[in-house]
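Enquirer: Just the structure for this:
(2 chains)
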Amino acid sequence: MKKILFLLLSLCISSSFAQEYFPTNTGVKSSKNNVYAFTNATIYVTPNQTIKKGTLLVKDGKVVSVGKSVSIPTEAQTIDLEGKSIYPSFVDVYATFGIEKPKRQGGRGQRPQYDAARKGYYWNDHIRPDINPTSEFKFDDKKAKELLAAGFGAVNTHLEDGIMQGNGMLVALNPNNTDAYRILDKKSGNYLSFSKSVKSRQSYPTSRMGAMALLRQTYLDADWYANGNAKNTDLALEALNNNKNLPQIFNAGGYLDNLRADKIGDEFGIQYTILGGGNEYERINDIKATNATYILPINFRKAYDVSNPFLTDKIALSDMRAWNQEPSNPAVFANNKIPFALTTHDLKNVKDFSTNLQKAIARGLDKTTALEALTTIPATILKNNKIGNLKAGSYANFLITSGDIFDSKTTLFENWVQGAKNVINPMDIKDITGNYTLNVNGSTYTMAITGSGAKQAAEIKKGEEKINSNFSFANDWVNITLREGDNFTRLTGQLDNKQIKGTAIDNNGNESKWAATYTSKIDEKKKDKKKDDKTPEVFGVSFPNIGYGNAAKPQKETILIKNATVWTSENNEVLNNTDVLIKDGKISKIGSNLSSRGAKVIDGTGKYLTAGIIDEHSHIAASAINESGHNSSAEVTIEDVINPNDINIYRNIAGGVTSIQILHGSANPIGGRSAIIKLKWGENADGLLYNNTPKFIKFALGENVKQSNWGDSNTIRFPQTRMGVEQVYIDYFQRAKEYDVKKKSGQPYRKDIELETLAEIINKERFISCHSYVQSEINMLMKVAEQFNFNINTFTHILEGYKLADKMKEHGVGGSTFSDWWAYKYEVNDAIPYNAAIMHNQGVTVAINSDDAEMSRRLNQEAAKLIKYGGMSEQEAWATVTINPAKLLHLNDRTGSIKVGKDADVVLWSGNPLSVYSKAEKTIIDGAMYFDIEKDLEKRKAIKAERAKLINMMLQEKLKGGKTQAPKKKTQKLFHCDTE
Amino acid sequence: MKIKLIYSLVCFLFLGNMLAQQTPAPKQTQDYSIEGATAHLGNGEVIENSLIMFSKGKIEFVGSAKMKIARMGTVINARGKHVYPGFIAANTSLGLAEIDAVRATRDVDEVGTMLPHIRSIIAYNTESKVVETMRPNGVLMAQVAPRGGVISGTSSVVQLDAWNWEDASIKTDDGIHMNWPNAFSRGRWWMGEDPGLKPNKDYQKSIEEFKDFFANAKSYLASNKSTKNLPYESLQGVLNGSQKMFVHVSGKKGITDAVNTCKELGIKNIVIVRGQEAEKVADLLNANNIPVILERAHRLPNGEDTDYDRPYRAAKLLADAGILVGLGMEGEMERMSTRNLPFYAGTYAAYGLDKEKAVQLITGNNAKILGIDDKVGTLEVGKDATLFISEGDALDMRTNILNEAFIQGRKISLESHQTKLWKRYSDKYKNQ
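Expert: Down below sits the predicted model:
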């Protein structure tokens, strides 16, 4: 019954070239017979269901049935595939096929654009969920051919532009038909990314964290809109709500961003499918914890050309390592049972897809998983059971191969899409391989034909001498050109029972007969010997996966430091010949003659033990610092963009730093929220963050926020004067106050992340650290805060703090300053190195900070300058980098001094920690040893050895003829306050 | 009314004083004897309990305080303190810019690529507020060099207590500075290129352009010079050896290419500036008597897996390789940071360099490299009495606290715009 129904249905749509209701003017109305039976093949119905000697029956673009005993209708064309295999054609879920990427609008140096250009849509142009690419789609024959040759039968394509990019469409790669048939699904999947639309110049968001905040606010607004709260129509939010149930596919593009995308998804109950970047193996447990299905590119990097030692020195170990490790990425996913699809995305050349896939398989990716990644997983992602398998009713998208599809020797003959044939390599090419005796014009040669299919090639010898020759075999014709000296002989011929025979034309145009007689089979073993099948050594990952990373994460230990001079940072106390016991991550005992069973004993004789340095103002370990697209960006948080792979973390612990506040930059009066972290080198972003972290936000005053040094085109954003800055604050706090009142009243309100954050400040739950220089504006901000009944927590930089230290003291604000920076801009003309001392003398809590990746690793020296400038005592100076910043960060009950019960964040120094001659020798955080000057030497040796090994491997790769790329130096962006 | 007027007058005077810089000290008329200090001579030697005497701007005696010799003039008891020759900062741009972000105050980088005729000395601002902050840290002399281009221009060496640039000059037009082309260049991201550093395709071409420039200059100098060519004319000094050629370059390959090219062009006195990795080509440098002006120690390592302390160890590596090393300033915030010169030397000492050798970096060695060692750089009889007394070790920020400083025997002010503000606001709170 079912079958009859199916037959009836398929009769309705019979012609494959023109819709059946379209008029015909070029002949009589005819229909084509579209029934094929493929017999005797090994059929992969799904990666896990194989039928040996099976039959696949296809009609009108769909699979009718598949199995061992399929009754073949009489009208079917039967194709015998004895010895061959049938696979479902591959599906690429992340494609831009047929949809041109838009070009960037406008040139550089234009005035910035702050408002959305699209009217009737969301307030931000980069949110474009309403984009439906069908109107822009143009079937790309050239690209289709490449993809078909790589085994793909369908792609899910979309317009890759914007943060919310709109929906995708599923297209069969069927060049034999029109869009009317090959568009399988007009709305398949909703696409997102962190990158802005190039169609709009709207500034916001300028940063990764801004993009994240924007996504959150958009989801909140969509919800609010769905509940009918908006007074206006918003086509973008409407589209977003309408497409809610589509698969959500996020182009994140790498380990860190994958986690960031997933985090947003989790907050809104959305499980994104994530397009990765190929480095996920570095921290696969974090990747697994996302519970996401991944789409993985396999654009493995080429080896670096390391033949020039000068240039090779510049290549980072991590880059060389990535060359070695990247091909293992899919296998690592498979071994960890993380579902993934594979994509051609990011590949410069689609032709590399199969070679790279074979590389991945050589690294242990099992072939069933590989096939799933190209068929059933993409189908699952798209919630479409008609692709990626050959079950009855599915699209007749399948591959005919000479054997195992993932074997380099296998030939892909045909890629059928929607029941139409696409020939990749002719299937009926005879196998003429073998050794032959070739007789031409009285001369005798030997000829060895090797290879397979269209790729068969011949080597011709006369005795032992190799003859210069050309050979081709196509459409059953053999063509050979022989060259001996200046004499050319051209041969054409055909196979005739173990012989190839034909006509030869010599140099003089004389014709004669020639024949090649089969003598023996090619010795396959001999050929294989040449191949070096040894799998290369794959280097293990470290945490983080760069030089100086830890092979294993440091663990808490019981450590007893004996007989050290201890600067406790508690009431300027110095304890001579003192023991300190560290246990369970805490400072357990301070005293003399301490002992503890099993403790690791460190002799501190002649050395100094202090609390770890705390940097109140740092910009290391972050992937972004400024969201400069708006004058307030309280909605963004640095916690979203922590980069645990920054080598500056290691350099900081080598300088005795144990905790830092990563502050937002100073691009706007109201900046973003801080991340406060411990420098536990090797932990992931979450592992670095403090538990129950105090909440902070960066504010900024002065030249940066009024864009004084941003060039002449940046003169339109409010505020451009200090007068305007005050109004920005009053306006925002007033709105936050009103918002909070409304929220607490129980009335419906539009949830606004920015105002929520500002309300936290008013409610004394979040603290301000404000970038500041000139006394007038410092005074102003204190007055604004007082007007809203809260206090500023910290003025950071605060270079004119000395001019109003009394007012600061009265307000109760701390100062975190530079020791001696000045003269870099007009507002620091009156910055003096005595600033810290004067503020300190007035009773202000003073810290010395860095704002700089270089200075942060020697803050002990910066603190020492306070003795020179202003005559602070050693203990007072030392407090400015330990307990004082701890106080300013509300962490002084946990860290910042050596006190029983506090976190064991301590540093052992070779001498007086304030002396230019002293070094940090051991840095302990939460009772675990994160830096040890002796271990550091071991790491140096290991780096040298690993580099040498990798360089050798790359040299070998080059010798073997592998492609290489020019050496490249890894460059890292170093952030300061005013870094965009 | 009267009171108000007086008040305004006082205010005006006070403010006036605020704006003007320290008055340069007059010529030495009073002799001095500094007794009892630990004297760091700047040549590696130390005299404990020393006696140093100077008169009319010149050092008359350097020896032990135990010497039974008549003390000259005012005796300064410096027991427990330290005396150093005035520190010399090489390769600075002091006095050529005041506030980085304010374009009007910048006179550092002239338009053009081959500018040997550009002279820093005439733009050197003796009234710079930045310059006066050098002296309380012991930095009393500096080489002032233009920046930018391939040949940036001609530098001069000045002392930091003067009415005008003529008074300031210790050695006018001491050398020409050139920036060796970079072996690496960065992709232009805005044109869709990978922003990473890649080998510079134009490296060789840039070297050829530099060679051409010199070749043309040489033919000009050999000609009758009927039409005067200012840039070529100003290359005469480096070709006849009367001026030094300061080549700013890092990396083994760059240094090797630079030295070989300069030799080939007939440049006599070559100095390598920056010189990271110079120790790896020590043989070449030593064979040609080429010193290195190293950068400040406070730098980040070059590469991700470069040793964290590699910049700190640089001086030790060079000194061990037998290279004459000095210390200079170039890069971010270079002018205001020049006052930290002693602490860079101190950091080099912390990482392996002998302490007195670290002192030498910024005294004797810099003087030799800049060609002013006949006058300054060490505490030796006959040399300028340019020296200072510090409470303690001047390479350590804790103890670099200056009591007195002398330039050419003139007792200079250790005040600055900054110390004045310090006092003014300390007083404000005291009097409240």
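
Enquirer: which residues does A:Ser188 contact?
Expert: A:Asn156, A:Asn167, A:Gly168, A:Met169, A:Leu170, A:Leu246, A:Pro247, A:Leu382, A:Asn384 (CB atoms under 8 Å, 6 or more residues apart in numbering or on different chains). Where you see a C-beta, it was placed from the backbone N, CA and C, and this is true even at glycine.

Enquirer: Redo those as a markdown table? Include secondary structure.
Expert: What follows is the contacts of A:Ser188, written out as a markdown table (DSSP: H, G, I helix; E, B strand; the rest coil):
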| residue | secondary structure |
| --- | --- |
| A:Asn156 | strand |
| A:Asn167 | strand |
| A:Gly168 | coil |
| A:Met169 | strand |
| A:Leu170 | strand |
| A:Leu246 | coil |
| A:Pro247 | coil |
| A:Leu382 | coil |
| A:Asn384 | coil |
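
Enquirer: from these, which two are the most distant?
Expert: The most widely separated members of the contacts of A:Ser188, counting by CB to CB, are A:Asn167 and A:Asn384 (13.9 Å).

Enquirer: Look at the two and report which has more neighbours.
Expert: A:Asn167 (26 against 22; other CB atoms under 10 Å in any protein chain shown).

Enquirer: returning to that earlier point: of the contacts of A:Ser188, just say which sits nearest to chain B.
Expert: A:Gly168 (24.8 Å; CB to the nearest CB).

Enquirer: Could you pull out the helices in the stretch 301-432 of chain B for me?
Expert: With DSSP state H, counting those that start in this stretch as the criterion, the stretch 301-432 of chain B has helices at B:310-320, B:334-337, B:341-350, B:355-361, B:364-370, B:417-430.

Enquirer: any chance of these in CSV, with mean neighbour count and mean pLDDT too?
Expert: As requested, the helices of the stretch 301-432 of chain B are exported to CSV (neighbours: other CB atoms under 10 Å in any protein chain shown; pLDDT from 0 to 100):
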stretch, mean neighbour count, mean pLDDT
helix B:310-320, 22, 97
helix B:334-337, 22, 97
helix B:341-350, 27, 98
helix B:355-361, 25, 98
helix B:364-370, 28, 98
helix B:417-430, 16, 96
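
Enquirer: As CSV, these with distance to chain A would be great.
Expert: Output for these, formatted as CSV (distance: least, CB to the nearest CB, whole Å):
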stretch, distance to chain A
helix B:310-320, 9
helix B:334-337, 4
helix B:341-350, 4
helix B:355-361, 8
helix B:364-370, 19
helix B:417-430, 4
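
Enquirer: Let me see the contact set for residue 123.
Expert: Looking at chain A here, since you left the chain open. A:Asp115, A:Ala116.

Enquirer: My question was about chain B, not that one.
Expert: By CB under 8 Å, 6+ apart, the neighbours of B:Ala123 are B:Gly95, B:Leu96, B:Asp107.

Enquirer: next one: A:Arg940
Expert: With CB under 8 Å, 6+ apart, A:Arg940 has these contacts: B:Asp307.

Enquirer: please redo it, this time with the cut-off set to 10 Å
Expert: A:Arg940 makes contact with A:Gly547, A:Tyr548, B:Asp305, B:Thr306, B:Asp307, B:Tyr308, B:Arg310, according to CB atoms under 10 Å, 6 or more residues apart in numbering or on different chains.

Enquirer: The closest residue to the last one other than its chain neighbours - how many residues pack around it?
Expert: Using CB to CB, 6 or more residues apart in numbering or on different chains and skipping residues adjacent in sequence, the residue nearest B:Arg310 is B:Pro301, 5.0 Å away. Residue neighbour count, defined by other CB under 10 Å, stands at 17 for B:Pro301.

Enquirer: now swap in B:Gly392 and tell me
Expert: Other residues close to B:Gly392 by other CB under 10 Å number 14.

Enquirer: Next: A:Ser623.
Expert: 20.

Enquirer: That one against A:Tyr255, yeah?
Expert: No: between A:Ser623 and A:Tyr255 there is no contact under CB atoms under 10 Å: 11.4 Å.

Enquirer: Can you check which residues contact both of these two?
Expert: By CB under 10 Å, 6+ apart, A:Ser623 and A:Tyr255 have these common neighbours: A:Asn645.

Enquirer: picking that back up, quick one: which of the contacts of B:Ala123 has the most company?
Expert: B:Gly95 (24 neighbours).

Enquirer: coming back round to it: export the contacts of A:Ser188 as CSV, with columns for pLDDT and distance to A:Pro748.
Expert: As requested, these are arranged in CSV below (pLDDT from 0 to 100; distance: CB to CB, whole Å):
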residue, pLDDT, distance to A:Pro748
A:Asn156, 98, 38
A:Asn167, 97, 30
A:Gly168, 97, 34
A:Met169, 97, 37
A:Leu170, 97, 39
A:Leu246, 97, 28
A:Pro247, 97, 31
A:Leu382, 97, 37
A:Asn384, 97, 39
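
Enquirer: Let me have those in TSV, extended by distance to A:Glu75.
Expert: Listed next are these as TSV, based on distance: CB to CB, whole Å:
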residue	distance to A:Glu75
A:Asn156	34
A:Asn167	39
A:Gly168	37
A:Met169	33
A:Leu170	30
A:Leu246	39
A:Pro247	39
A:Leu382	33
A:Asn384	29
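
Enquirer: ok, those residues vs A:Ala879, which is closest?
Expert: Of those, the one sitting nearest to A:Ala879 (CB to CB) turns out to be A:Pro247, at 55.8 Å.
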